[in-house]
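Q: sequence-free structure coming up:
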């Protein structure tokens, strides 16, 4: 089932319980059947879906037509040209969740008529391989459908074009939306070259937000009349009462930590010149209500998802923040629901009365803060007047007091930056600011930002490969540094902040303030570790079995290690078993082993901590006498272990 969502589907069977009718969630193998997935009736109500009796054999036949909607969030290419994918990716795209929720709403409203069923699939390429030929075949077999490449950022646009090209060669209808399309249409007088390439392929462009507009696109696609451009940038929708962002748990479990997302608001009132949010989502903020947010949380908790990333660019400026937090506090403290949040805020959030205290009670465990820089002139030049560096320490200490982990972004490459000034400022941060995690970014003229438009108008060189516009590459010139010097300064920033000594300080600070050191997970950005294993059992007739296996560990710090293991079992007579076993294991020290110190149970192993290795040999004889078993065994173990534990 290459396109299924992984639920247990029920087709043409009689059951006594109830199920949610979600025609969007069918697999390729089940065309022509009613598509249902099992869930308790209470969860159906919480998720806002209609519960109904499951179909008996012969009931619930699909309508005359089936229209396939493939929602794809593309990844982007690494420096070697490979698509970046993870077994467990980062937090899922909120755009993908929003479009999936809107598509479900369209399916329920029968926007293509009573005789046409919508079959909806959501794919995040950062954790799922995309096969355009299979998608095209699925749509061809259905007779109609389209592919929507959603939430496409500038660095993802080349990959989106490559996917679109393969689909258009099969005459599949394709539309692309997201920050690159919306931002360039909002800020540039002429069509962006990459967007123009999409149009030349026959791909439709969507600028703006899809609430209240997706039905129009689907109707046009159903009649093969997609418009070249859908432009709603001057008519941004109200969010209160809109369809909720939603993804099935099967999709969310493909992310690290099983985090899902929700947008409690969109837009930002500030004017930062490097930002695209203000030009794509607008400077007038729009919000979901506390009721909307409760509905989203309940729907996800009902499907076993308990972690949320609130994607508001600045949740502290959401006018409904207090009502939303009060509702979440009620759900946690009065109803006993278990969930937590990651949020993004500005550096003045601590001035809001009870904001940080209520965040902690509502379940906020991690907060992302855009420090951006500690140089007042740099902040002023970027129109980041709201950042008051004199408030940084007070704000960070307030989050520490609430036992919330702080994750801060820091931009390198403001006009006055030099390698020396960057290193100096980072050392000031180490000494003066209680930051847990600090992430460094290049100052990047993102298409859709004021910086990008100004550089374009002045004719300043910018890298033509927008795949590099991921904040991790230098893509334009700098007033004080060459590209090479800027790159060296970027690398030096990581190495300066994440020294062994400062990592130890961060972990000690976390322990002292009640933040779990394991949640910080600070490692050298250049260290890599990889492990793989294989195991197989071979039967030697009916009297013996041989199990063999091996694990290979490759660690930048300690090299490669092979750990073989084998076991032989012999059944010489009825009820008797002879076993001989050999095994070995290898374990490299983690950051927790190296840096964590607890005076009652553990001392920090320190930088010189060595890996553990162990080997064991064991032999045993077992004889069963009815319900009784006699066992004789002997074993020997040897190896080296770390010395960080007292007990």
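A: Happy to help now that I have it. Model, not experiment: these values are computed from the prediction.
Q: Nearest residue to residue 583 in space, please, no chain neighbours.
A: Sequence neighbours aside, residue 565 is the residue nearest to residue 583 in space, at 4.0 Å (criterion: C-beta to C-beta, 6 or more residues apart in numbering). The way it works is simple: take the backbone N, C-alpha and C, and place the C-beta from them, glycine included.
Q: close enough to count as contact, that neighbour and residue 586?
A: No. When contacts are counted by C-beta atoms under 8 Å, residue 565 is not listed as touching residue 586 (11.6 Å).
Q: between these two, what contacts are shared?
A: Residues touching both residue 565 and residue 586 (C-beta atoms under 8 Å, 6 or more residues apart in numbering) are residue 551.
Q: So the residue nearest to residue 583 versus residue 234, what's the distance?
A: Look at residue 565 and residue 234: by C-beta to C-beta, to the nearest Å, they are 66 Å apart.
Q: the more surrounded of these two?
A: residue 565 (18 against 9; other C-beta atoms under 10 Å).
Q: which SSE is the more buried one in?
A: Per DSSP states H and E, residue 565 falls inside strand 559-570.
Q: From the chain's centroid, how far away is that strand?
A: 36 Å (C-alpha atoms, centre = their mean, to the nearest Å).
Q: Could you name the helices and strands sitting against that strand?
A: strand 544-555, strand 576-587 (3 or more C-beta pairs under 8 Å, 6 or more residues apart in numbering; DSSP states H and E).
Q: Out of those, which is closest to residue 475?
A: Of all those, strand 544-555 sits nearest to residue 475, with 32.6 Å by C-beta to C-beta.
Q: gap between the one residue sitting closest to the centre of the chain and residue 262?
A: By C-alpha atoms, centre = their mean, the chain has its centre lying nearest to residue 91, at 1.7 Å. Applying C-beta to C-beta, the value for residue 91 to residue 262 is 11 Å.
Q: Can you check which residues contact both of these two?
A: Counting by C-beta under 8 Å, 6+ apart, the common neighbours of residue 91 and residue 262 are residue 309.
Q: so what's residue 476 up against?
A: 444, 445, 455, 460, 461, 462, 463.
Q: can you rerun that using 7 Å?
A: 445, 455, 460, 461, 462 (C-beta atoms under 7 Å, 6 or more residues apart in numbering).
Q: Show the buried residues in these.
A: Neighbour counting over the contacts of residue 476 (16 or more other C-beta atoms under 10 Å) leaves 445, 455, 462 as the buried ones.
Q: where does the last one land on pLDDT?
A: I take that to be residue 462. We have a pLDDT of 97 for residue 462.
Q: remind me which residues of the stretch 501-647 of the chain are low pLDDT?
A: Scanning the stretch 501-647 of the chain for pLDDT under 70 picks out the ranges 516-527, 591-592, 594-608, 627, 633, 635-647.
Q: Would you map the strands across it?
A: Under the criterion DSSP state E, counting those that start in this stretch, the stretch 501-647 of the chain contains strands at 529-540, 544-555, 559-570, 576-587, 612-625, 628-640.
Q: How much space separates residue 356 from residue 325?
A: Going from residue 356 to residue 325 by C-beta to C-beta gives 10 Å.
Q: Neighbour count: those two, which is higher?
A: Neighbour count, other C-beta under 10 Å: between residue 356 and residue 325, residue 325 has more, with 26 against 23.
Q: Number of residues surrounding the closest residue to residue 540 other than its chain neighbours?
A: Setting aside the residues directly before and after it, residue 540 is nearest to residue 546 in space (C-beta to C-beta, 6+ apart), at 6.3 Å. Residue 546 has 14 neighbouring residues, counting by other C-beta under 10 Å.
Q: can I assume residue 546 is in contact with residue 568?
A: Yes. With contacts counted by C-beta atoms under 7 Å, residue 546 reaches residue 568, the gap being 5.4 Å.
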